[in-house]
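[1] Got a sequence here, can you build the structure:
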Amino acid sequence: MDKSRLPRALTPAVPAVPAVPAVPAVPAVPAVPAVPAVPAGPVRAARAVRGPAPVLAAAVLLGGALTAAGPTAQAAAPQAPTAAPAPAPGCSAPYRISQKLAGGTTWRMCWHYDSSAGLVLDNVTYQPKGEPRPIQVLASAKLAQVHVPYDNGQAEYDDLTGFGFGYGLRDLKPTECPGGTVKTVKVPDAGRVKGLCTTTRSRGHAYRMASDDGADVWQEQGTDLLLYTVNKVSWYEYITEWRFSSDGTISANVGATGSLSPGDYDAGDGRGWPIGKGAKDYAASHSHNVFWRLNFGLDGGVRDRIEQYDSEVTPPPANGSPTTRTTRTPVTKELAGDARTMRWWRVVSATGKNKDGHPRSYEIVPGPSAPHAGRPFTKHDIYVTQNRACEQFASNNILNCGRNAPDSVDEWVNGETLSHPVVWVNIGFHHIARDEDQQPMPVHWQGFQLAPRDVTAMNPLTPADLVGQNGAPPQGS
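    You can find the predicted model right below:
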């Protein structure tokens, strides 16, 4: 066991700094109760078994699932949206981020800092070119736990709520934020830290298309608004990264770097890997189970709908081709979901539609993951729960939800009907050390994306001479 991670004295947590003002016409994010003192013990008590599985009602997509209706003589012109998008977020200048990217897309949001979760984003809005007002995507988004169990069973950590993740914010040098700004963060009991980088990065091709004869080529290089912090917990340094792309995609990632724990080089029982000369020093293998909490509030509402999609391939008949059928399942009750091949989820706005009259939504795209079966709360990839102000951390939830209340997300899934859903994403990484992990350890990333699905009537970066190609395109490009 890494002795450096034994309990250390921590000052009781202070409420997040600063409070974000309410935005007119946007439902307020429920207040989070005051956070009690950080628990002393690094190893948690065993959890109770998760409640009953949710009940889902399936509905098959009609008319050739997920396909266009067919060619038309002329592309349909986009119509005005049927619901006004949410207004831009409001907060004091130091806690406001606004960035117009190449291609005309503008992202706006507020931020604050929590002594357990670290960076928290509030009232995130997206305004592509051609949209008269910002479209709210997220009411709030943040890390919800970094759970670290070691393979030998000798140590298990909840880094956010058990080991002072928020207090470990590091100063960033200007060279770590090229072309951007390092913002000052007020960290409870730690003072001011120059710890939040806001900058832009190129991400390569956003699209490329050539005409049939090759005479015309349409291409654009995509750009991202990048926000990140670095938090140190024991020997690890966690890079918490949010990317907001010019095409409307949001990417959330955590990168683990720093150093392998020097107190865990005794894993000679098949639960480690030799590091260094010969086969003497075995670094203990372990997992990083990273959770995020997402309160969407699309278009400023709270009654978003959750839908699950599954596609099944039917083997080809004799002299035929295989077929695929896609089924939509409305998720009406709390869910513990597992990612599978050809399965995906989306969050659908209850009020907003794009200029084609289609409901706006965001698709949840989990990244590569190694689910850890050791605890009930780590067994599933996606959780959807009814919003509760006290339910903020996926495990070792230190907020007061009442006497004998469960303290992990799996136990909050108990069949309740969803009227204000909150999405939890769990991405696991099993870290078996290698020689290249010294020294320092290269960053290993884990995360997910939120991809716009019908938020706009066309690609938000469509060049001007192609805007008429909405619907079935003409023959050829």
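
[2] Can you give me the buried ones in stretch 102-117?
    Using 16 or more other C-beta atoms under 10 Å as the burial criterion, the residues of stretch 102-117 that qualify are 103, 105-117. Just so you know, the C-beta spots here come from the backbone N, C-alpha and C atoms, and that holds for glycine as well.

[3] and the closest residue to Ile275 other than its chain neighbours, how far is that from Ala139?
    Closest residue to Ile275 apart from its sequence neighbours, by C-beta to C-beta, 6 or more residues apart in numbering: Ala283 at 4.6 Å. With the distance defined as C-beta to C-beta, to the nearest Å, Ala283 ends up 41 Å from Ala139.

[4] More neighbours: which of those two?
    Here Ala283 and Ala139 are compared on neighbour count by other C-beta atoms under 10 Å; more neighbours surround Ala139, at 29 against 24.

[5] Figure out the helix or strand that the nearest residue to Gly297 once chain neighbours are set aside lives in.
    Closest residue to Gly297 apart from its sequence neighbours, by C-beta to C-beta, 6+ apart: Ala139 at 3.4 Å. If you go by DSSP states H and E, Ala139 is part of strand 135-149.

[6] So which elements touch that strand?
    Strand 135-149 is packed against strand 118-127, strand 156-158, helix 159-162, strand 236-245, strand 250-258, strand 286-295, with contacts defined by 3 or more C-beta pairs under 8 Å, 6 or more residues apart in numbering; DSSP states H and E.

[7] After the third one, which helix or strand is next? Please name it.
    Spelled out, it's helix 159-162. Heading C-terminal from helix 159-162, the first helix or strand you meet, by DSSP H and E, is strand 181-187.

[8] Repeat that for the last one.
    Secondary structure here is assigned by DSSP H and E; on that basis, the next helix or strand after strand 286-295 toward the C-terminus is strand 305-314.

[9] What pairs with the helix or strand just after that following strand, parallel or antiparallel?
    Next along the chain after strand 305-314, taking DSSP H and E as the criterion, comes strand 323-331. When pairing is defined by DSSP bridges, strand 323-331 lines up against strand 59-60 (antiparallel), strand 305-314 (antiparallel).

[10] Can you give the distance from the strand holding Ala139 to the centre of its chain?
    From the chain centre to the centre of strand 135-149 is a distance of 6 Å (C-alpha atoms, centre = their mean, to the nearest Å).

[11] Could you export that strand as CSV, CA atoms only?
    Output of strand 135-149 as CSV, limited to C-alpha atoms (Å, rounded to 0.1, in the frame of the first residue of the first chain):
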residue,chain,number,x,y,z
ILE,A,135,-28.6,27.0,-27.5
GLN,A,136,-28.2,25.7,-23.9
VAL,A,137,-26.6,22.2,-23.9
LEU,A,138,-25.6,21.7,-20.3
ALA,A,139,-26.9,23.2,-17.1
SER,A,140,-23.9,21.7,-15.2
ALA,A,141,-21.0,19.3,-15.9
LYS,A,142,-18.2,18.0,-13.7
LEU,A,143,-16.2,15.1,-12.6
ALA,A,144,-18.1,12.9,-10.1
GLN,A,145,-15.4,10.5,-8.9
VAL,A,146,-12.0,8.9,-9.6
HIS,A,147,-12.2,5.5,-8.0
VAL,A,148,-8.8,3.6,-7.8
PRO,A,149,-8.9,0.0,-6.6
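
[12] Pretty sure Gln145 sits against Asn396.
    Yes: between Gln145 and Asn396 there is a contact under C-beta atoms under 8 Å: 7.3 Å.

[13] more crowded one of the two?
    Gln145 (30 against 23).

[14] sorry, back to before: which of the strands paired with strand 323-331 is buried the deepest?
    strand 305-314 (a mean of 16; mean count of other C-beta atoms under 10 Å).

[15] which residues touch the residue nearest to Trp242 when sequence neighbours are not counted?
    In space, and not counting its chain neighbours, Trp242 is closest to Leu227: 4.6 Å by C-beta to C-beta, 6+ apart. Leu227 makes contact with 97, 111, 119, 121, 196-198, 241-244, according to C-beta atoms under 8 Å, 6 or more residues apart in numbering.

[16] In the protein, what residue spans correspond to helices?
    159-162, 409-412 (DSSP state H).

[17] Include mean pLDDT, distance to Ser419 and mean neighbour count when you put the ones you listed into CSV, please.
    Listed next are the helices of the chain as CSV, based on pLDDT from 0 to 100; distance: least, C-beta to C-beta, whole Å; neighbours: other C-beta atoms under 10 Å:
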stretch, mean pLDDT, distance to Ser419, mean neighbour count
helix 159-162, 95, 27, 29
helix 409-412, 97, 15, 24
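
[18] To Phe377, which of the ones you listed lies closest?
    Among the helices of the chain, helix 409-412 comes nearest to Phe377, with 4.2 Å by C-beta to C-beta.

[19] quick one: contacts of that closest one?
    So helix 409-412 is contacted by 47-48, 50-51, 144, 291, 334, 336, 376-377, 379-380, 383, 385, 388, 391, 394-395, 406, 424 (C-beta under 8 Å, 6+ apart).

[20] Could you list the low-pLDDT ranges of the stretch 251-400 of the chain?
    262-269, 272-274, 276 (pLDDT under 70).

[21] Make a markdown table from the helices and strands packed on strand 135-149 and add distance to Thr351 to it.
    Putting the helices and strands packed on strand 135-149 into a markdown table (distance: least, C-beta to C-beta, whole Å) gives the following:
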| stretch | distance to Thr351 |
| --- | --- |
| strand 118-127 | 15 |
| strand 156-158 | 37 |
| helix 159-162 | 33 |
| strand 236-245 | 22 |
| strand 250-258 | 20 |
| strand 286-295 | 16 |
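
[22] okay, the ones you listed, which one's buried deepest?
    helix 159-162 (a mean of 29).

[23] looking at the helices of the chain, which is closest to Gly468?
    helix 409-412 (47.0 Å).

[24] Just give me how far the closest one sits from the chain centre.
    19 Å.

[25] again, but for stretch 219-234
    That offset, for stretch 219-234, works out to 13 Å (C-alpha atoms, centre = their mean).

[26] likewise stretch 313-332?
    30 Å.

[27] measure that stretch end to end?
    Taking C-alpha to C-alpha, to the nearest Å, the span from the opening residue of stretch 313-332 to its closing residue is 26 Å.

[28] Ok, stretch 96-111 next?
    7 Å.

[29] And for stretch 405-413?
    13 Å.

[30] so where is the stretch 1-150 of the chain shaky, pLDDT-wise?
    Judged by pLDDT under 70, the stretches of the stretch 1-150 of the chain that qualify are 1-89.

[31] Report the contact partners of Val148.
    Here Val148 is in contact with 155-159, 286-289 (C-beta under 8 Å, 6+ apart).

[32] go again using 10 Å as the cut-off
    5, 42, 155-159, 162-163, 233-234, 236, 256, 286-290, 431 (C-beta atoms under 10 Å, 6 or more residues apart in numbering).

[33] cool, and Lys100?
    Lys100 touches 106-108, 127, 129, 200, 225, 246, counting by C-beta under 10 Å, 6+ apart.

[34] possible to save these as TSV with distance to Asn354?
    What follows is those, written out as TSV (distance: C-beta to C-beta, whole Å):
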residue	distance to Asn354
Thr106	17
Trp107	18
Arg108	19
Gln127	13
Lys129	14
Thr200	26
Leu225	22
Ser246	17
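
[35] mind checking how far Gly415 is from Arg343?
    Distance of Gly415 to Arg343, given as C-beta to C-beta: 21 Å.

[36] Which of those two has more residues huddled nearby?
    Arg343 (16 against 11).
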